[in-house]
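Asks: sequence unknown, structure follows:
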């Protein structure tokens, strides 16, 4: 029969182990190691974890969208630079003629050039944002379909965002299954 001293020793040993486990877990998280490497306790029936960010970035459709957006941004940047250069040349020409133009007229023309530069930038930004939203909508539709199938197959009663958890049992994570399903549904987005 354990004595009071023996119970205190068992309690201190258990508390020390809990502290060591928490310290190890926090060091792993703090070291930037993937949280999926940690497994805490048994799986909870009907509870599933899912990382939307990981699913989108790891899917073929997500990678396709990112590649197309990079290409579009490079193209828009080149177009914007050419238009900006032309407007800058016009501004320099205007500044060269400043002595021959009435000050009010000079300011009006300079303001008009500045407005054109700003309008070109806004137009390019709007085109990029519209393309990004178009691609994201395609991915969201396919992701919702894929997630629905995996949730049904896995009999999930609740799905929580994995990226907000400190640790979990890996068998509760349905992210990889959703990525496989998403890749089967949509491999490439089409943005304009």
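Replies: Yep, that arrived. All figures in this text were calculated on a predicted structure; none of them were measured in a lab.
Asks: Okay, domains of this structure per the record?
Replies: 1-33, 34-185 (automatic domain parsing).
Asks: Compare these and give me the one nearest residue 192.
Replies: Comparison of the domains of the chain against residue 192 by CB to CB identifies domain 34-185 as nearest, at 6.5 Å. Placement of C-beta: from N, CA and C, glycine included.
Asks: Let me see the mean pLDDT of the closest one.
Replies: For domain 34-185, the mean pLDDT works out to 90.
Asks: ok, back up a step: got the domains of the chain as CSV, with mean neighbour count and distance to residue 192 columns?
Replies: CSV is the format used below for the domains of the chain (neighbours: other CB atoms under 10 Å; distance: least, CB to CB, whole Å):
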stretch, mean neighbour count, distance to residue 192
domain 1-33, 10, 38
domain 34-185, 15, 6
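Asks: Need those domains in TSV (columns: distance to residue 191).
Replies: As requested, these are arranged in TSV below (distance: least, CB to CB, whole Å):
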stretch	distance to residue 191
domain 1-33	32
domain 34-185	4
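Asks: From residue 175, how far out is the spatially most central residue of the chain?
Replies: The structure's the chain has its C-alpha centroid closest to residue 53; by CA atoms, centre = their mean the separation is 5.4 Å. Separation of residue 53 from residue 175 (CB to CB, to the nearest Å) stands at 9 Å.
Asks: show me where the chain has helices.
Replies: Ranges of helices in the chain, per DSSP state H, are 4-30, 52-58, 60-96, 103-154, 175-185.
Asks: and the end-to-end length of stretch 160-171?
Replies: Distance between the boundary residues of stretch 160-171 (CA to CA, to the nearest Å) amounts to 14 Å.
Asks: Identify the residues contacting stretch 58-75?
Replies: With contacts defined as CB atoms under 8 Å, 6 or more residues apart in numbering, stretch 58-75 is touched by 55-57, 127-128, 131-132, 135-136, 138-139, 142-143, 179, 182-183, 186-189, 191.
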